[in-house]
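Chemist: with the sequence up front, the predicted model follows.
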Amino acid sequence: MPNIETKIICADSLKDVKIDMHSRAAIDKLIDARTRYYQPDISQNERQEIADQIIEVMDVAFPSFSFQVTGKRIAGQNKVMLKDWFTHGTLAAPFFNMDFFYPELSETGGFDCIIGNPPYGGTKISDDVHYFGY
């Protein structure tokens, strides 16, 4: 499976963030950057530069990402955590937004497979997301 490092993510799918009308331009940039990022014939340096471009867009879209993960505001930490999340998938995103996390899916119709782990016995699911009847 090619490029699996950014195809599998860990995120809280019970929480979403609202995007504004200006987000479409950012999502278009992500589609372009991710298409280039996944090309097998680019160098590691080029891949790194493209990842940095992706992180710049996501930093503007999600300025409180690191705060939501850690509960702390540390200067410069947001980009570091976003990059770790994007390139390694070892960090759980505190929300899930398909438009930003998988922008190319709006053109292809969605996922082939979704694997989820409900919060069995963990934190109570809030009433505002419990309407699915799980």
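Modeler: That came through, no problem. Numbers count the residues shown, from 1 in each chain.
Chemist: rest of the way, CA atoms for contacts and neighbours
Modeler: Will do.
Chemist: flag every buried residue along the longest helix belonging to the chain.
Modeler: In the chain, taking DSSP state H as the definition, the longest helix is helix 44-61. Along helix 44-61, these residues count as buried under the neighbour rule (16 or more other Cα atoms under 10 Å): R47, I50, A51, D52, Q53, I54, I55, E56, V57, M58, D59, A61.
Chemist: need the residues you listed in CSV (columns: distance to W85).
Modeler: Below are the buried residues of helix 44-61 laid out as CSV (distance: Cα to Cα, whole Å):
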residue, distance to W85
R47, 16
I50, 15
A51, 11
D52, 13
Q53, 14
I54, 12
I55, 10
E56, 13
V57, 14
M58, 11
D59, 12
A61, 15
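Chemist: now pLDDT and distance to K79 too, for these, in JSON lines please.
Modeler: Shown next, in JSON lines, are these (pLDDT from 0 to 100; distance: Cα to Cα, whole Å):
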{"residue": "R47", "pLDDT": "90", "distance to K79": "17"}
{"residue": "I50", "pLDDT": "92", "distance to K79": "14"}
{"residue": "A51", "pLDDT": "90", "distance to K79": "11"}
{"residue": "D52", "pLDDT": "93", "distance to K79": "9"}
{"residue": "Q53", "pLDDT": "91", "distance to K79": "11"}
{"residue": "I54", "pLDDT": "88", "distance to K79": "10"}
{"residue": "I55", "pLDDT": "90", "distance to K79": "6"}
{"residue": "E56", "pLDDT": "90", "distance to K79": "7"}
{"residue": "V57", "pLDDT": "87", "distance to K79": "10"}
{"residue": "M58", "pLDDT": "85", "distance to K79": "8"}
{"residue": "D59", "pLDDT": "89", "distance to K79": "6"}
{"residue": "A61", "pLDDT": "83", "distance to K79": "11"}
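Chemist: what ranges does this protein have for its strands?
Modeler: For the chain, no strands turn up when DSSP state E is the criterion.
Chemist: report the central residue of it.
Modeler: Centroid check for the chain by Cα atoms, centre = their mean gives F101 as the closest residue, at 3.6 Å.
Chemist: gap between it and A75?
Modeler: Going from F101 to A75 by Cα to Cα, to the nearest Å gives 23 Å.
Chemist: wait, F65 touches V80, no?
Modeler: No. With contact defined as Cα atoms under 8 Å, F65 and V80 do not form a contacting pair (10.3 Å).
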